[in-house]
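Undergrad: Kindly return the folded structure for what I paste below:
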Amino acid sequence: MLAINLALAMGQMGKTLLIDCDMRKPVIAKVFGLQQHPGLTHFIAGSHQLQDSIHYFEEDKIYIMPGGQLPSNPLELLSSHRFEKGLDALKKAFTYIVIDSAPTVPVSDPVVLSRLANSTIYMVKAHATPYQLARTGIKKLQQVNANIIGIVLNQVNPAKRPGRYGYGHYDYYTYYGYHKS
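TA: Residues are numbered from 1 along each chain as shown. Sure thing, here's the model as predicted:
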């Protein structure tokens, strides 16, 4: 959902395309009702042209390329010359392109995508992803010189925090040296 929200926000600023490159567990087609429409895998496989795999949502002011049919070889498709050339063409046609991908640690898809993207935002699921796993994912991206511009802590549940603003039993005022009267 981070990629969707980011694309919706960027769509207010310029011509924006959201691409679902999570070909293992795609969700964007379902969210936008595009399950029966051609998408990324159709383009890479050559059964559809690039423009036939992109759908415009006027109300949201964004273009969407769903993942398409689930492939047996996602990494091979994302590593293909056809995908790289298609992405180059899309970079010329859109102001912003937001790419959603599979998790970094279990598969190499995001590593391949990060080499093709101008920048990468690393997402960590709060209260579920051990920091060691997050570090491993970041290191994988750093090894290919991914331009990591930020890390997002997603699905934060304030009820699970040990204290306000993450300062344990201290509150905001105590942290800054003030005492409540």
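
Undergrad: mind listing what the most centrally placed residue in the chain touches?
TA: Closest residue to the average C-alpha location of the chain: residue 100 at 3.1 Å, with Cα atoms, centre = their mean. By Cβ atoms under 8 Å, 6 or more residues apart in numbering, the contact list for residue 100 reads 3, 4, 18, 19, 20, 21, 22, 27, 28. Yep, even glycine has a C-beta here, placed from its N, CA and C like the rest.

Undergrad: hmm, 7 Å instead?
TA: Counting by Cβ atoms under 7 Å, 6 or more residues apart in numbering, residue 100 touches 3, 20, 21, 22, 28.

Undergrad: so the last one touches residue 21, yeah?
TA: I take that to be residue 28. No - checked against Cβ atoms under 7 Å, the pair residue 28 and residue 21 is beyond contact range at 9.6 Å.

Undergrad: Looking at those two, which is more packed in?
TA: Between residue 28 and residue 21, counting by other Cβ atoms under 10 Å, residue 21 is the more crowded of the two (26 against 23).

Undergrad: Would you mind confirming that that one is in contact with residue 75?
TA: No - the pair residue 21 / residue 75 is not scored as a contact, 10.8 Å apart, by Cβ under 7 Å.

Undergrad: Between the two, which contacts overlap?
TA: residue 109.

Undergrad: would you list the contacts of residue 100 in TSV and tack on distance to residue 68 and secondary structure?
TA: Shown next, in TSV, are the contacts of residue 100 (distance: Cβ to Cβ, whole Å; DSSP: H, G, I helix; E, B strand; the rest coil):
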residue	distance to residue 68	secondary structure
3	16	helix
20	8	strand
21	11	coil
22	12	coil
28	11	helix
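
Undergrad: neighbours around residue 37, how many?
TA: 18.

Undergrad: That one is in contact with residue 55, isn't it?
TA: Yes - Residue 37 is in contact with residue 55 according to Cβ under 7 Å; the separation is 6.1 Å.
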